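S.K.: Need coordinates for the following:
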Amino acid sequence: MDLAIVITVVVVALAFDYTNGFHDAANAIATSVSTRALTPRIALVLAAVMNFVGALLGQEVAHTVADTIGDIAGKHGLIIVLAALLGAISWNLVTWYFGLPSSSSHALIGGLVGAGLAGGATINWTTIKEKVLIPMVASPVIGFALAFAIMLAFMWILRRRNPHKVNRGFRLAQTLSAAALALGHGLQDAQKTMGVIFLAVTTAGYYSADDESLPLWIVIGAATAISLGTYSGGWRIMRTLGRRIIHLDPPRGFAAESAATSVLYVMALHFQAPVSTTHTITSAVMGAGATKSFGAVRWGMARNILLAWVFTFPAAGLVAAGCYYVAHLFVPA
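M.R.: Predicted structure coming up:
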């Protein structure tokens with residue numbers, strides 16, 4: 001096996017992890033920054049640290065990603081993985097440029113499916129349906145409804161309290177909710193890159209696909225890459241998520257972060273599903289904001305985000321398929 005190809009795939013996977021970090025940095029901190037609970041720099045440091053810690057807490061999602069496609073081996077299999085990563089990175093950069101909070105998770109899965117189909121690999125459609133597509137629809141719906149319910153409860157319980165004191169208390173609480181959300185982001189998104197790297201090295205024959213524990217160097221590498229990416233920031237998307245959907249106050253920010261964190265933890269630890277942190281927190285922001293009034297949510301921006309969500313899976317898949325055909329010309333199996 002050509003070691004250079006393996007190294008290339010691993011480096012590109014870590015590059016994807018880095019883009020995942022700066023693309024999704026807004027997930028954990030946009031609401032806290034927009035409500036002035038945290039300064040941008042402190043929020044980024046907090047998110048980076050908690051992303052790293054979260055990446056070390058589990059491997060269930062990583063195994064789900066690694067099981068997405070099968071029957072790949074040798075250089076041919078590595079080209080499929082490489083093309084999938086290039087497709088996902090391309091879509092991340094496009095949506096980052098336009099400031100749209102799309103899903104790095106679904107870009108990665110879409111890339112694997114697109115490159116896998118182009119390369120004649122076996123696609124585990126059952127895994128994709130149960131672990132990707134169903135949670136892809138369910139997690140935003142649950143996030144919206146849960147944030148809406150939490151905020152309604154806050155409005156009822158705190159209806160006679162001084163608004164200034166309430167806001168100050170929720171700004172402090174948002175430090176905890178932002179940290180918890182960043183931990184959930186690391187638990188989810190860093191594991192997806194671990195799964196792809198593990199898929200690559202097992203394809204190359206260095207490890208067995210039956211190994212239950214991932215090699216430590218894969219775990220540390222993915223955790224470090226996503227943390228560095230998070231620290232570099234994602235200001236374009238942060239503005240969209242924090243202000244262009246709705247102008248949040250601290251109680252609504254805390255409600256959105258709490259709801260999104262709950263969904264991420266349950267999906268990762270119980271269902272082992274690689275859900276989108278972007279979809280979840282964005283829908284939670286909409287749900288919390290809708291308690292002010294449905295007209296307070298900028299539904300035009302929400303529509304643009306929804307379109308980006310819809311196109312993520314097929315667009316990343318098409319780019320990945322194209323990358324496979326091009327790479328296959330230069331590195332024949």
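
S.K.: For the rest of this, base every contact and every neighbour count on C-alpha atoms.
M.R.: Will do.

S.K.: any chance you could map the helices in the stretch 51-200 of the chain?
M.R.: Using DSSP state H, counting those that start in this stretch, the helices of the stretch 51-200 of the chain run over 60-66, 74-97, 104-118, 125-128, 134-157, 163-185, 191-203.

S.K.: okay, those in JSON lines with mean pLDDT, distance to Ile7 and mean neighbour count next?
M.R.: As requested, the helices of the stretch 51-200 of the chain are exported to JSON lines (pLDDT from 0 to 100; distance: least, Cα to Cα, whole Å; neighbours: other Cα atoms under 10 Å):
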{"stretch": "helix 60-66", "mean pLDDT": "77", "distance to Ile7": "18", "mean neighbour count": "25"}
{"stretch": "helix 74-97", "mean pLDDT": "83", "distance to Ile7": "10", "mean neighbour count": "25"}
{"stretch": "helix 104-118", "mean pLDDT": "88", "distance to Ile7": "18", "mean neighbour count": "28"}
{"stretch": "helix 125-128", "mean pLDDT": "85", "distance to Ile7": "27", "mean neighbour count": "16"}
{"stretch": "helix 134-157", "mean pLDDT": "91", "distance to Ile7": "32", "mean neighbour count": "19"}
{"stretch": "helix 163-185", "mean pLDDT": "87", "distance to Ile7": "26", "mean neighbour count": "21"}
{"stretch": "helix 191-203", "mean pLDDT": "85", "distance to Ile7": "9", "mean neighbour count": "27"}
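
S.K.: what's the closest of these to Lys292?
M.R.: helix 134-157 (9.4 Å; Cα to Cα).

S.K.: can you give me the angle that closest one makes with helix 104-118?
M.R.: Angle of helix 134-157 versus helix 104-118, following axes from the mean of the first three to the mean of the last three Cα atoms, to 10 degrees, is 170 degrees.

S.K.: which residues are in contact with helix 134-157?
M.R.: For helix 134-157, the surrounding residues in contact (Cα atoms under 8 Å, 6 or more residues apart in numbering) are 251-252, 255-256, 258-260, 263, 267, 273, 275-276, 279-291.

S.K.: Show me which of the residues you listed are buried.
M.R.: 251-252, 255-256, 258-260, 263, 267, 273, 275-276, 279-291 (16 or more other Cα atoms under 10 Å).

S.K.: Could you pick out which of the residues you listed are located in helices?
M.R.: Mapping those onto helices (DSSP state H) picks out 251-252, 255-256, 258-260, 263, 267, 279-290.

S.K.: Give me the neighbour count for Asn162.
M.R.: As a burial measure, Asn162 scores 9 neighbours (other Cα atoms under 10 Å).

S.K.: Which residues are in contact with it?
M.R.: Asn162 sits next to no residue when contact means Cα under 8 Å, 6+ apart.

S.K.: separation between it and Ala327?
M.R.: 63 Å (Cα to Cα, to the nearest Å).

S.K.: was I right about Ala13 contacting Phe198?
M.R.: No: with contact defined as Cα atoms under 8 Å, Ala13 and Phe198 do not form a contacting pair (10.3 Å).

S.K.: and Met267, what does it touch?
M.R.: Shown in contact with Met267 (Cα under 8 Å, 6+ apart): Pro135, Ala273, Pro274, Val275.

S.K.: from those residues, which is closest to Val9?
M.R.: Within the contacts of Met267, the smallest distance to Val9 is 21.0 Å, found for Pro274 (Cα to Cα).
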